[in-house]
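Trainee: Provided below for reference: sequence and predicted model.
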Amino acid sequence: MAAPRVDEIRAVVVAALTGLSGWTESRVHYDLLSTDTDSLLHRSFAVALPETVITDPRRRNHVRGSEPGMLVRTQILTRWVHRLRADNQRADTATAYQEELTGLQAVASAVVTGIGPITPERITRRAVGDGTWHLTEIEWACSHVYAAHDPTP
């Protein structure tokens, strides 16, 4: 079985979140979600994989039966927005926290053949725009084999 590509890992995370009722992937790039509040959509999200760190390029490694290659750790970032009504921001924030938990569970239970678990590492939250949006950002990581690689010269 081939080692998973980074775009395949991203696709699994996107599928886990789009499988949630009412959630849609944003049309804008991860870095731009929340910078232009006119383009925000309630329960929209974005996913980015900004970094893959090679943990040991010299060793052949196996992760859940995948082919030999370099063992790496890939960072996954998710960002989503929840609308806050001016007359009910506390209740809407509580709902945003519950949806955060739902998103956490969906991504953490996603399965990608050939990688270790997708593990949350950090969660940040803040109001954006004029205070009518709640932004949740979660940093994840997973270990996997990256590209077949024969370390012997």
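Mentor: Perfect, thanks for sending it. Numbers count the residues shown, from 1 in each chain.

Trainee: From now on I want contacts and neighbour counts done on CA atoms only, so please keep to that.
Mentor: Noted.

Trainee: Give the buried residues for the helix or strand bottoming out on mean pLDDT in the chain.
Mentor: Across the helices and strands of the chain, mean confidence by mean pLDDT, DSSP states H and E is lowest for strand 133-148: a mean of 87. Neighbour counts over strand 133-148 (16 or more other C-alpha atoms under 10 Å) mark 133-147 as buried.

Trainee: before we move on, what about stretch 96-111?
Mentor: Counting neighbours by 16+ other C-alpha under 10 Å, stretch 96-111 gives 96-97, 99-100, 103-104, 106-108, 110 as buried.

Trainee: ok, now stretch 120-127?
Mentor: Within stretch 120-127, the residues that qualify as buried by neighbour count (16+ other C-alpha under 10 Å) are 120, 125, 127.

Trainee: hey, where'd the strands end up in the protein?
Mentor: For the chain, the strands defined by DSSP state E cover 24-25, 44-56, 69-83, 119-128, 133-148.

Trainee: Need those strands in TSV (columns: distance to P4).
Mentor: Output for the strands of the chain, formatted as TSV (distance: least, C-alpha to C-alpha, whole Å):
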stretch	distance to P4
strand 24-25	22
strand 44-56	13
strand 69-83	11
strand 119-128	17
strand 133-148	7
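
Trainee: if we can go back for a sec, send over the least confident helix or strand of the chain as PDB, restricted to the C-alpha atoms.
Mentor: Provided in PDB are the C-alpha atoms of strand 133-148 (Å, rounded to 0.1, in the frame of the first residue of the first chain):
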ATOM      1  CA  TRP A 133     -18.100  35.900  14.500                       C
ATOM      2  CA  HIS A 134     -16.500  33.400  16.800                       C
ATOM      3  CA  LEU A 135     -13.300  31.900  15.300                       C
ATOM      4  CA  THR A 136     -12.000  28.600  16.400                       C
ATOM      5  CA  GLU A 137      -8.500  27.400  15.300                       C
ATOM      6  CA  ILE A 138      -7.200  23.900  16.100                       C
ATOM      7  CA  GLU A 139      -3.700  22.700  15.500                       C
ATOM      8  CA  TRP A 140      -3.400  19.000  14.800                       C
ATOM      9  CA  ALA A 141      -0.500  16.600  14.000                       C
ATOM     10  CA  CYS A 142      -0.100  13.200  12.600                       C
ATOM     11  CA  SER A 143       2.900  10.900  12.000                       C
ATOM     12  CA  HIS A 144       3.200   9.000   8.800                       C
ATOM     13  CA  VAL A 145       5.500   7.700   6.100                       C
ATOM     14  CA  TYR A 146       6.200  10.300   3.400                       C
ATOM     15  CA  ALA A 147       7.000   9.000   0.000                       C
ATOM     16  CA  ALA A 148       8.700   5.800  -0.600                       C
END
